[in-house]
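Colleague: need coordinates for the following:
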Amino acid sequence: MPSNIKLVKTNLSDVVVLEPQIFPDERGSFRETYNHQKLEGTLEKKLDLIPQINEAITSHGWVRGL
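Modeller: Residues are numbered from 1 along each chain as shown. Predicted structure coming up:
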């Protein structure tokens, strides 16, 4: 399963930085900051965390989610 989240390795064992891909448009931007299923498959480790976190930033004058 492809992921929109880039994993960057660090010098610390078992520590990675998650860099989500940002999808901007005239309304603002959207990013999937965490996806349990994609991350678990990428890390090849069992995780017991929430399923998914998304973030939407809305520009002035736009309404989302209605």
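Colleague: pass me the low-pLDDT residue ranges in the chain, would you?
Modeller: Residues of the chain that meet the criterion pLDDT under 70 lie in 1-3, 42, 66.
Colleague: which secondary structure element is home to Thr33?
Modeller: Assigned by DSSP states H and E, Thr33 belongs to strand 28-35.
Colleague: list the buried residues for that strand?
Modeller: Going by neighbour count (16 or more other Cβ atoms under 10 Å), the buried part of strand 28-35 is Phe30, Arg31, Glu32, Tyr34, Asn35. In this view, the C-beta of every residue, glycine as well, is placed from N, C-alpha and C.
Colleague: what is it packed up against?
Modeller: Using 3 or more Cβ pairs under 8 Å, 6 or more residues apart in numbering; DSSP states H and E as the contact test, the elements touching strand 28-35 are strand 5-9, strand 16-20, strand 22-25, strand 52-58.
Colleague: and that strand with strand 16-20, angle?
Modeller: Orientation check (axes from the mean of the first three to the mean of the last three Cα atoms, to 10 degrees): strand 28-35 against strand 16-20 gives 150 degrees.
Colleague: out of the buried residues of strand 28-35, who's nearest Ile22?
Modeller: Set against Ile22, the nearest of the buried residues of strand 28-35 by Cβ to Cβ is Arg31 (4.9 Å).
Colleague: now do the contacts for the closest one.
Modeller: Arg31 sits next to Asn4, Pro20, Gln21, Ile22, Phe23, Asn54, Glu55 when contact means Cβ atoms under 8 Å, 6 or more residues apart in numbering.
Colleague: for it, give the beta-bridge partners.
Modeller: Ile22, Glu55 (DSSP bridges).
Colleague: any idea how far Ala56 is from the residue nearest the centre of the chain?
Modeller: Taking Cα atoms, centre = their mean, the centroid of the chain lies closest to Thr33, which sits 2.1 Å from it. Relative to Ala56, Thr33 is positioned 11 Å away (criterion: Cβ to Cβ, to the nearest Å).
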